[in-house]
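Chemist: Got a sequence here, can you model it:
(chains A, B, C and D)
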There are 2 protein chains.
Amino acid sequence: MTRRNDTRERVLRTAAGLFQRQGYNATGLNQVLAESRAPKGSLYFHFPEGKEQLAAEAVALSGGDLGERITAAVAAASGPAEAIALIGDLLAHDLEQSEFQEGCPVATVALEAAGASEPIRSACDAAYASWLDGLTRYLRGHGVGEAEALADLVLSSLQGALLLARVRRDTGVIHSVTRRIGALVDDTAQGKGSA
Amino acid sequence: MTRRNDTRERVLRTAAGLFQRQGYNATGLNQVLAESRAPKGSLYFHFPEGKEQLAAEAVALSGGDLGERITAAVAAASGPAEAIALIGDLLAHDLEQSEFQEGCPVATVALEAAGASEPIRSACDAAYASWLDGLTRYLRGHGVGEAEALADLVLSSLQGALLLARVRRDTGVIHSVTRRIGALVDDTAQGKGSA
DNA sequence: CGCCTACTGGACCGGTCGGTCTAGTGTGAT
DNA sequence: ATCACACTAGACCGACCGGTCCAGTAGGCG
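Modeler: Alright, predicted model coming up:
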């Protein structure tokens, strides 16, 4: 066979980028095709289920990529609070670098399509679950109790802060939120958490 | 004049509902018109700037409505932790009642359009700012220091929890998050907050 | 070599999009 | 009574949507 996955990969990466910036419904297949220099026939050959499949795989791809970057960032931290701050720095940096266009690669598509497409909802769910899994393990490894629930809290507050930052065009809220959540998690790790 | 604002109001309310459920790009003007039984001419008479103006006003309207409901719910609380829990209950209830279709009336539109339309971004910003203002006053009134930053944290974690709940089709995360954030805020109010 | 198949290339489809335009209509003021 | 104006009504527009179809092509394999 030829370069087998070349076109497929190119189309998928292009789509992932566009979905992240513009969302699902604002991204046309013609735009994906033009930007990845692929003809329509190739798209439907590689993604026979069409746009829905493309989006589900794109979410999985960019979710996985970001998950790896988060894992790498966290590995350099000395503890939960610093880890959470580093994740915030990473996300804030991406946001600023892209002029507030590139937020969470999952959130926009999730809000748009989770209610209308089960495959897409499920892909978003899986992406978040994978991040949560990594986060939970990390927290547990650092002596944090109720690690699952705290991971939910960390992810929730990060996602919300990312949303507010995009709306405000100001990343301040990300740092403010991660600082407080980091402190809360560290307290819990030291066993003096309340409630 | 005739019933002056009748059609305008009906179109706007219909649009607000559809934008909340489906988002900005998935909602067609024809759908809004059909559901509100208005002709296209009326839409462009009342909203000369077209879909963008309609969305900006819809966000303001549903943001204001939800803000009032939140204010009413909070008024029944005995303190910050309970207030936050009641807001979570309210949002979780809406989500379940609508089979996870009606989340935050601002978030989806914000993520879709904030990067592409300044009027819409600004309307979303204003809606959040208004909620934050109410929340900040409430917290300050209950002896919470750094009320602005904590209000940001409360709103962020709520928004993120709402997103996760929609993706999971399970409101558990909302209650889990509000419980923890409520405890954190109450601690801060009692002056024993850390960091 | 020639064949099979994985893949490309793009014309084409019906439908819907947001938006424009122009008649018509009912009502309150004069 | 009639006129001005706020508003309705919907036909119509070009652009673009996601999706289908099929003719071509190029490489690995007999």
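
Chemist: Reduced to three states, what does the residue of chain A found nearest DNA strand C come out as?
Modeler: Nearest residue of chain A to DNA strand C: A:G41, at 2.2 Å (CB to the nearest atom of the strand). Glycine gets a C-beta too; all of them are placed from N, C-alpha and C. Classification of A:G41 by DSSP: H, G, I helix; E, B strand; the rest coil places it in helix.

Chemist: what residue ranges in chain A score low on pLDDT?
Modeler: Counting by pLDDT under 70, the ranges of chain A that qualify are A:1-5, A:191-195.

Chemist: show me where it has strands.
Modeler: Using DSSP state E, no strands are found in chain A.

Chemist: Figure out how far stretch A:91-104 is from the centre of its chain.
Modeler: 12 Å (CA atoms, centre = their mean, to the nearest Å).

Chemist: Just checking that stretch against chain B, any contact.
Modeler: Yes. Remark: stretch A:91-104 sits within contact range of chain B at A:F100, A:Q101, A:G103, by CB under 8 Å from any CB of the partner chain.

Chemist: And the second one, its phi and psi?
Modeler: The phi and psi torsions at A:Q101 (degrees, to the nearest 10) take the values phi -90, psi -30.

Chemist: Show the contacting residues for A:T171.
Modeler: A:A92, A:L95, A:E96, A:A165 (CB atoms under 8 Å, 6 or more residues apart in numbering or on different chains).

Chemist: Spatially nearest residue to it, not counting backbone neighbours?
Modeler: Leaving aside its sequence neighbours, A:T171 sits nearest to A:A92 (CB to CB, 6 or more residues apart in numbering or on different chains; 3.9 Å).

Chemist: isn't that neighbour right next to A:I174, touching?
Modeler: Yes. Using CB atoms under 8 Å, A:A92 is in contact with A:I174, at 4.6 Å.

Chemist: Can you work out which residues contact both of these two?
Modeler: A:A165.

Chemist: Among those two, which residue is more densely surrounded?
Modeler: A:I174 (27 against 20; other CB atoms under 10 Å in any protein chain shown).

Chemist: tally of neighbours for A:G41?
Modeler: Using other CB under 10 Å, A:G41 is surrounded by 9 other residues.

Chemist: roughly how far apart are it and A:T14?
Modeler: Relative to A:T14, A:G41 is positioned 16 Å away (CB to CB, to the nearest Å).

Chemist: ditto for A:Q159
Modeler: Distance of A:Q159 to A:T14, computed by CB to CB: 25 Å.

Chemist: picking that back up, please check the contacts of A:T171 and keep the buried ones.
Modeler: A:A92, A:L95, A:A165 (16 or more other CB atoms under 10 Å in any protein chain shown).

Chemist: pretty sure the second one is touching A:A161, no?
Modeler: No. Contact criterion CB under 8 Å: A:L95 and A:A161 do not qualify, at 10.3 Å.

Chemist: what sits in contact with each of the two?
Modeler: Contact criterion CB under 8 Å, 6+ apart; residues shared by A:L95 and A:A161: A:I174.

Chemist: how many neighbours does A:R10 have?
Modeler: Using other CB under 10 Å: A:R10 sits among 15 other residues.

Chemist: what residues are up against the residue lying closest to it once chain neighbours are set aside?
Modeler: In space, and not counting its chain neighbours, A:R10 is closest to A:S36: 4.8 Å by CB to CB, 6+ apart. Going by CB under 8 Å, 6+ apart, A:S36 touches A:T7, A:R10, A:V11, A:R13, A:T14, A:A15.

Chemist: and which of those is nearest to B:E57?
Modeler: For the contacts of A:S36, the closest approach to B:E57 (CB to CB) belongs to A:A15, at 32.4 Å.

Chemist: A:Q53 is in contact with the closest one, correct?
Modeler: No. Assessed by CB under 8 Å, A:A15 is found out of contact with A:Q53, at 10.3 Å.
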